[in-house]
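Q: Model the structure of this input:
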Amino acid sequence: MRIVNMGEWPLGQEDERRHDPGGEPLWNESWYYDFVSEDGRTGGYVRLGLYPGWDRAWYWACLVTAGGDRVAVIDHEAALPGPDLAVSGPGYTASHRTADPFERAEIRLSSAELTLDLEFRTAAGVYGYAITPRYEIPCEVTGTIGGVPFHGHGERDHSWGVRDWWSISWLWSSARLDDGTYLHGMRANLGMELPWPAFVASKGSLAHVEGFSAATAFDGDRPARTVLDFPGCATTVRPIAFAPVTLTSPEGVVAEFRRALCAYETEDGRTGHGWTEWHQPPGWREHTWGPRVQGGRGG
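A: Predicted coordinates for the structure are as follows:
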């Protein structure tokens, strides 16, 4: 398995496991699992976040359809799991297992609202960030949703370190195009430009992309359209169905984590589907995701 490591944290198979927590209250470790059906009409994501400084875990599982259906299991008071990363709460049980490091992962959820049994197989290498200990893995996703067979694509990631949900806004986006190309780009609003994490992967080959940027048009507070500028591959992103989560800090500060199943179209006519998030803490309008683009009312 090829690992593209942009940072100062050489990745090894042991990084698929839990890490020793830092002492900061906002230190967290998280695992995301995003998935979209082949036709782009159904998508979902699971996130497990561990907060040892708060003695709790966050568990999110969301499923949306292009027709407007949405179901979610959201628990911000789960007990910290053991090494098996199994969590449970009122009305649900969930598990997360890396069956083969960097190659294959499995997630399961059983609840009245939603059941998942999905396998994520690595499709095109592993991408390690430069600005934080984190890696992304584009995947083929198979299994069942509500007992119905599922086949699609997505991305899983794993990160650990301090994450302040209530002071930093960011954009994160991941997709697969109809020709089999995977795209990923992220930028945070830190008040400075950095070499933002971005890659393009196709035919099993994954490569870092220099010079990634993004620009967003808003309709009120909702993102209406984003242009992801991968040099030589500008891509327009349009939300299909939102699956947001509201986050309240221990001090009562509220942030809106806006996430959506999206349609993607490149300037050369390729199309695809994936997930994009536009995180909105208090004051997010003061620091947006690159220059505004035409097509939205708000700003």
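
Q: Show me what the strand ranked longest in the chain packs onto, helices and strands only.
A: If you go by DSSP state E, the chain has its longest strand at strand 148-162. Based on contacts counted as 3 or more CB pairs under 8 Å, 6 or more residues apart in numbering; DSSP states H and E, the elements that strand 148-162 packs against are strand 27-37, strand 42-51, strand 115-122, strand 134-145, strand 170-177, strand 182-188, strand 271-280. Every C-beta, even on glycine, is put in place using the N, C-alpha and C of the backbone.

Q: quick one: buried residues of the last one?
A: Right, the one you point to is strand 271-280. The neighbour-count criterion (16 or more other CB atoms under 10 Å) identifies Gly272, His273, Gly274, Trp275, Thr276, Glu277, Trp278, His279, Gln280 as the buried residues of strand 271-280.

Q: how about TSV for the helices and strands packed on strand 148-162, with mean pLDDT and distance to Ala255 added?
A: Written out in TSV, the entries for those read as follows (pLDDT from 0 to 100; distance: least, CB to CB, whole Å):
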stretch	mean pLDDT	distance to Ala255
strand 27-37	98	14
strand 42-51	98	14
strand 115-122	98	26
strand 134-145	98	19
strand 170-177	97	11
strand 182-188	96	14
strand 271-280	98	6
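
Q: Kindly reformat these as CSV and extend each row with distance to Gly12.
A: As requested, the helices and strands packed on strand 148-162 are arranged in CSV below (distance: least, CB to CB, whole Å):
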stretch, distance to Gly12
strand 27-37, 16
strand 42-51, 20
strand 115-122, 15
strand 134-145, 11
strand 170-177, 23
strand 182-188, 21
strand 271-280, 27
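
Q: tally of neighbours for Ser213?
A: Residues contacting Ser213 under the criterion other CB atoms under 10 Å number 18.

Q: no, scratch that, I was asking about Thr248
A: Using other CB under 10 Å, Thr248 has 12 other residues around it.

Q: next one: Val245
A: 18.

Q: give the contact list for it.
A: Listed by CB atoms under 8 Å, 6 or more residues apart in numbering, the contact set of Val245 reads Trp60, Cys62, Ile74, Phe257, Arg259.

Q: switch to 6 Å and redo it
A: Listed by CB atoms under 6 Å, 6 or more residues apart in numbering, the contact set of Val245 reads Trp60, Phe257.
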